[in-house]
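Participant: need a 3D model of the following:
(chains A and B)
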Amino acid sequence: MKTILLSGIAGIALAAAGATGAAAQVDQDAPQGGDMVVTYQDDVATLDPAIGYDWQNWSMIKSLFDGLMGYEPGTTTLRNELAESHEISDDGLTHTFTLKDGITFHNGREITAEDVKYSLERVTDPETRSPGAGFFSMIEGFEDWNAGEGEGLSGIEAVDDKTVEITLSRPDATFGHVMALNFASVVPREAVEEAGEDFGRRPVGSGAFRLAEWTPGQRLVFERFEEYHRDGVPKLDRVTFDIGLEPTVALLRLQNGGADVPGDGIPPAQFLQVVNDAAYEERLVEGGQLQTGYITMNTRMEPFDRVEVRRAVNMAINKDRIVQMINNRAVPANQPLPPTMPGYAEDHDGYAHDPEAAREMLAEAGFEDGFSTELYVMNVDPNPRIAQAIQQDLSEIGIDAEIRSLAQSNVIAAGGAEDQAPMIWSGGMAWIADFPDPSNFYGPILGCAGAVPGGWNWAWYCDEEIDARAAEADAMVGDAAAREAAWRQIYLDIMEDAPWVPVFHEQRFTLHSDRIAGDDSLFVDPVHIPVNYDYIHATEGQ
Amino acid sequence: MTGYLVRRLLESALILLGITFVTFVLLYMVPADPARQIAGRSATAATVANIRDQLGLNDPLLVQYGRYLAGLLQGDMGRSYLQRAEVSTLIAARLPASLMLMVTAIVTELVIGLTIGVVAALRRNRAADHSLMIFSFVAISAPQFVIGILLLYVFAVQLGWFPIGGYGTPAHFVLPSITLGLLGAGWYSRMMRSSMIEVLGQDLVRTARAKGLSRLRIVTRHVMPNAILPIIAMIGIDIGLFMSGIVVVESVFGWPGIGQLAWQAIQRVDIPVIMGVTMVSATAIVLGNLLADLVAPLIDPRIKTK
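Facilitator: As a prediction, this is how the structure comes out:
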C-alpha cells in the first residue's frame, strides 16, 4: 500500500475506474502535441522506481519507466508492456517473457533480457532498501538474496537477449500484477551505476516521457520520448509539474488559466463551491477508488475480545451521516473490499444501522450499562469530526468513547502496539490497494502476518484457518472466477467476526482545464493519479 | 573586543552543539519509526528490519548521535532517508531562495514599520495614529497563512498584478515579502512610535526648535536617528521570527526555500533533513543574535561590550 503521506486532504488514492476489467474507450487516435501544467504542493521525493512509493511519484514514475507488464489506460486490465508475450507453465511456476523488438532506454541503448534480470535483482537487493522488495517474495531464491546471500535471484534467467524466464517458489495468481508494479520497472545498469544514490534525481527509463528538467522545489518537466515503443503515445509533447503550490492556491491558478490539473485534488474547503459551479460541470470527473475507511476494534483488548460487542458497535454506527459530513465524497461501506475490487460481494447487506438491537446485544453480552473506551484518530480534518460522529453513535448505545486525536505517526504507532488502542478510526491512514486484486486487502491489515508489533493489523485479528484459506486462494492460478469467489467468502467470514466497522469508500474527484481532454476514465485512472499523463491530449492540438 | 568576540563565538558553538543534541534526542523519542515510514505498509517485517539495519537505527542513541556529530564536524550532514540525496545539496539548492526572501522581507518590514511608526508618533492620539495602530495590531495578530492567501486572492487573482505563487522574477518577491514582513512591520511601527515619542519629549528637540529649525529638519535630523537605534539591534533577533514564518509563507507561495523542505521532511520523518534544516536555522539565529550584540555598541556608544 502506498504511504498516503500528507493526505489529510481526503481523496487522493489509488483509484478504480468505474469500468474495472473492461477496456475503456480511450481516444487512441487523438492528435499528438501540446502540453499541460500539473500543480503539486510537495516536491517529488524521488523518481527511482525501486524507491518511490507515494501517490505523487507513483504515476510520474509510470510515465518515465516501463516494466514487462502494465495496464490498459483507464482500467485495471493487465496488458503486456515491454513484453511481447507472457507464457505461464502448467504448474504455474515458470513465467516466460519475450521482449519486444527494438525497444530502447531514454539513453538510446536497446533493452535486453539481462536488463530485466538486473532490475529485479536491484529492487530485491537489501542494499537498495526498496520498500517494494517484499512484493517479489514468490520468486525463487528471494529469501537468500534479500538476506544478502548469494549472487542474485536464482529464479531469474536471461535465456537469450530477448527471453527471460522467471521461476517461482509457489504458484501466485497475483504475479502479473506484481510485474506491473513500478518496483518491477526495467532500468539500465550503466545509468544506475553512474548516478549511484542520485538515480532518483536523474532517472533513465524507457517510458513515454523522459525527465528534461528538475529544479528542486519549483518545477519538473517531462518531454516526449520520441523512440517510445507504442506509436502515437504519449499524446502531449510536454508535461510541466509546478511544485510548491498549496491546494487552495493551485485552484486559483487553474481558475486563472495558469494550470490544467490540480494534482493534490480539490481542497475540502472549496469542494462544494467547485461542485456547484456550472463552469466546472464538464471538467469535474468522479471515480471510485480502491479505498476503505474503517474503525478497528482491538480483538485482544477487553471488551472488544467479545464478538457480540464488536457486532453491536457495527450496528451502532450511522454511516450515512458520516458520508454526509464529508459532502458525499464517499459511499457507505459494509465490507472490507471496495465495490470496484474483484471479489466484492454485491448482495451483502452487512450490519444495518440499528441502535436498539445494538443495545440489546450489548446487554446480552453483559454490558447493560455500557463501558468506557478510547477512540484514536489522526488529527487532520475531517477525521476529528468523523470521530465525534462515531463518539455520538457509540454513546447512543451506552459506550463512552474518549477521543484521542494525534499526529498520524503516533496513531500508527499506537495501532502497532498490542494493548494500546482499543479503537482506531483509520481516516487519513486508510487502506489503499497497490494493485486491483482482493488479496491486497488481507495480509498486512487482517491477516496474522500483520498482527505483530509495528504491524498494520490494528484490530490484532488473527484467524489461522482464514490465513490458510487466503494462501490457498492466492495459489489458484488460472481460475479467476473460483479465486474471486474464495476471496469473497473470506471477507464475508471475517465480517462475521467483525474486527472492523467498514465505514465508507472514498470517491475521487479530479478537475481539469479545457486545454486538455480525454476519456473520463483517463482522469480517474486507477493506476495513474491524478490523471494518465501518457494518454491525455491537448484540445488545442486538434 | 577580540576577547569578547572569541568568548561569544565559543558560546555560540556550545549553544549549537546543545541544539544538535536536543533535536537529535527529540527526534529519537518520536514514536514514528523512520524505517517503517520508508518501507510503507505492505513491506514485510524483513524489509523493515533490513532498512532499519542499513540506516543504523538499531544502535543505541548515543552511538547514533556520535556518528551524526562526527559526520557533521567533517561537513557531512548525511543523506535524506527519502530522497537519498545529500542533505547539504538539498539545503544548498534551497538556501538562496530563503535568504533572498528574508532580505526583501526585512526591507519591507522596515519601510512599512518605520513609516507607520513615524507618522503615528507625529500624529499622536489623532485619528491617523489610532487607525495606524489598529493596522499594526492586525498585522501582528493575523495568521500569516490567512494574510498570504488574502493577498494572493486580491492582488494576483482578482487584479492580476502579481503571479499566483512561484519563484523567479522580482514580481514573485512582492507578495511573499509583504506577508512575511507584515508581522515585523507591526512590531516595528509600535516600537518606532514609542521610541519617537520618547525622543520628541527630550531636551534636544526643544533646543532645536528654539534654534528655529524647521519641523521636517528636526524630525529627520534629530529625532529619527535617535529613535531608530533600538530598532537596528532588533533586526538580528528578528531572524528567529523569520525562520518560523518562512515555513508558512513558503508553503503558501510555493517558495522553493528551506521552510518548504523542512515542512516536507517533518511530515515524512526524514530525520537527516530535519536535523540539517534545524542546524542551518539555529546557526542563522545564533549568528543574528551575535551580530545584533556586536552592532549595538557601534551605533550606540552608551552600550558597552563586556
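
Participant: which parts of the stretch 301-450 of chain A sit against chain B?
Facilitator: Residues of the stretch 301-450 of chain A lying near chain B by CB under 8 Å from any CB of the partner chain: A:409-410, A:412-414, A:434, A:443-445, A:449. Every C-beta, even on glycine, is put in place using the N, C-alpha and C of the backbone.

Participant: which one of these is nearest A:Ile424?
Facilitator: A:Ala414 (7.3 Å; CB to CB).

Participant: can you lay out the residues of the stretch 301-450 of chain A next to chain B as CSV showing neighbour count and secondary structure?
Facilitator: Below are these laid out as CSV (neighbours: other CB atoms under 10 Å in any protein chain shown; DSSP: H, G, I helix; E, B strand; the rest coil):
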residue, neighbour count, secondary structure
A:Ser409, 20, helix
A:Asn410, 17, helix
A:Ile412, 24, helix
A:Ala413, 19, helix
A:Ala414, 19, helix
A:Asp434, 24, coil
A:Gly443, 20, helix
A:Pro444, 22, helix
A:Ile445, 28, helix
A:Ala449, 18, helix
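
Participant: now the residues you listed as TSV including pLDDT?
Facilitator: Below are those laid out as TSV (pLDDT from 0 to 100):
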residue	pLDDT
A:Ser409	76
A:Asn410	83
A:Ile412	85
A:Ala413	83
A:Ala414	90
A:Asp434	80
A:Gly443	82
A:Pro444	82
A:Ile445	90
A:Ala449	85
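
Participant: go through those residues and name the one nearest A:Met476.
Facilitator: Nearest to A:Met476, judged by CB to CB, of those is A:Gly443 at 16.1 Å.

Participant: my guess is the closest one contacts A:Ala470. True?
Facilitator: Yes - at 7.5 Å, A:Gly443 counts as touching A:Ala470 under the criterion of CB atoms under 8 Å.

Participant: wait, doesn't A:Asn182 sit right on A:Gly52?
Facilitator: Yes - contact criterion CB under 8 Å: A:Asn182 and A:Gly52 qualify, at 6.5 Å.

Participant: tally of neighbours for B:Phe239?
Facilitator: Wrong residue type there; residue B:239 is Ile, not Phe. 19 (other CB atoms under 10 Å in any protein chain shown).

Participant: and what of B:Ala292?
Facilitator: 17.

Participant: where does it sit, in terms of helix or strand?
Facilitator: helix B:271-299 (DSSP states H and E).

Participant: do A:Ala389 as well
Facilitator: helix A:383-396.

Participant: if you count neighbours, what's buried in that helix?
Facilitator: Judged by neighbour count using 16 or more other CB atoms under 10 Å in any protein chain shown, the buried positions of helix A:383-396 are A:383, A:386-391, A:393-394.

Participant: next: stretch A:126-142.
Facilitator: For stretch A:126-142, by 16+ other CB under 10 Å, it's A:126, A:128-142.

Participant: just those residues that are near chain B?
Facilitator: Within these, those near chain B by CB under 8 Å from any CB are A:126, A:129-135, A:137.

Participant: TSV for the residues you listed, including secondary structure?
Facilitator: Below are these laid out as TSV (DSSP: H, G, I helix; E, B strand; the rest coil):
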residue	secondary structure
A:Pro126	helix
A:Arg129	coil
A:Ser130	coil
A:Pro131	coil
A:Gly132	coil
A:Ala133	helix
A:Gly134	helix
A:Phe135	helix
A:Ser137	coil
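
Participant: of those residues, closest to A:Glu418?
Facilitator: A:Gly134 (22.3 Å).

Participant: from A:Thr124, how far off is that closest one?
Facilitator: 9 Å (CB to CB, to the nearest Å).

Participant: mind putting the buried residues of helix A:383-396 in TSV, pLDDT included?
Facilitator: Shown next, in TSV, are those (pLDDT from 0 to 100):
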residue	pLDDT
A:Asn383	92
A:Ile386	95
A:Ala387	96
A:Gln388	96
A:Ala389	96
A:Ile390	96
A:Gln391	96
A:Asp393	95
A:Leu394	96
